[in-house]
Each structure stands twice: as structure tokens, then as C-alpha cells.
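*Asks:* Would you be able to build a 3D model of this:
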Amino acid sequence: MKPWSTSTERDLRHLLNEWDPIGVADEVPDEYDCMLAPLLGRLHGGAGQTEVDEFLQHELKDHFGLDPLGLRPDAMAARLVAWWTSAERADGTAGGA
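*Replies:* Numbering: from 1, shown residues only. Have a look, this model is predicted:
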């Protein structure tokens, strides 16, 4: 069984599109889908804010070719960890599965 549901993926996609570090989510709503599985895997595995922040910084620099300064991956990491924790409490399962 998958550790998360398609609604969890949809919710994460929504959060990433709200953040929209390259400013294209309105035109390309699946632009950040490359981060869905890696982020969900980390969150499901118990990753905290530091690990998620490091992942986001790596993606911004190495995948998207951006300087993360000013894009606040640390704030996004905090938001994602809080979202994940909230989804776990709401369902009693990891990430709203």
C-alpha cells in the first residue's frame, strides 16, 4: 500500500504551486511534480524541517538553476512539515492516506 494518497499528492502540488519559486505555476501547474515523490517520501520517513529545507535548496540550485536566497526554502520547509503533521493528526495516518 502506498504511504500517501492521490489527494495528498494533490494537496502537496497545491502548496508547491502557491510557493511557485520560478513563477510559472499558473501556466504549468505540474512544474513542481518532480518534487512530489521525493518530498512525500521524506515526510513519510519522518524528515524534519532541516532535511526538507536542504532538499528544497538542492532542487532550487541544481534542478531549477536558481539561487535560493530570497525564495525562502526554509519557510516552505516549515510549512510542508506543519502540513504533513496536521494531515497525520487529522487522519491518524501519515500524510492523509
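*Asks:* where along this structure do the helices fall?
*Replies:* Ranges of helices in the chain, per DSSP state H, are 6-19, 36-44, 49-58, 73-91.
*Asks:* Which strands and helices lie in contact with the helix or strand of the chain with the lowest mean pLDDT?
*Replies:* Least confident element among the helices and strands of the chain, by mean pLDDT, DSSP states H and E: helix 73-91 (a mean of 89). Here helix 73-91 touches helix 6-19, helix 36-44, helix 49-58, going by 3 or more C-beta pairs under 8 Å, 6 or more residues apart in numbering; DSSP states H and E. C-beta coordinates here come from the backbone N, C-alpha and C atoms, glycine included.
*Asks:* Mind exporting the C-alpha coordinates of that helix to CSV?
*Replies:* The C-alpha trace of helix 73-91 is given here as CSV (Å, rounded to 0.1, in the frame of the first residue of the first chain):
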residue,chain,number,x,y,z
PRO,A,73,13.0,27.3,1.2
ASP,A,74,13.3,27.3,5.0
ALA,A,75,9.8,28.8,5.3
MET,A,76,8.4,26.4,2.7
ALA,A,77,10.0,23.5,4.6
ALA,A,78,8.4,24.6,7.8
ARG,A,79,5.0,24.9,6.0
LEU,A,80,5.4,21.4,4.5
VAL,A,81,6.3,19.8,7.8
ALA,A,82,3.4,21.5,9.5
TRP,A,83,1.0,20.5,6.7
TRP,A,84,2.2,16.9,7.0
THR,A,85,1.9,16.8,10.7
SER,A,86,-1.5,18.3,10.6
ALA,A,87,-2.6,15.7,8.0
GLU,A,88,-1.3,12.9,10.2
ARG,A,89,-3.3,14.2,13.2
ALA,A,90,-6.5,14.6,11.2
ASP,A,91,-6.5,11.1,9.8
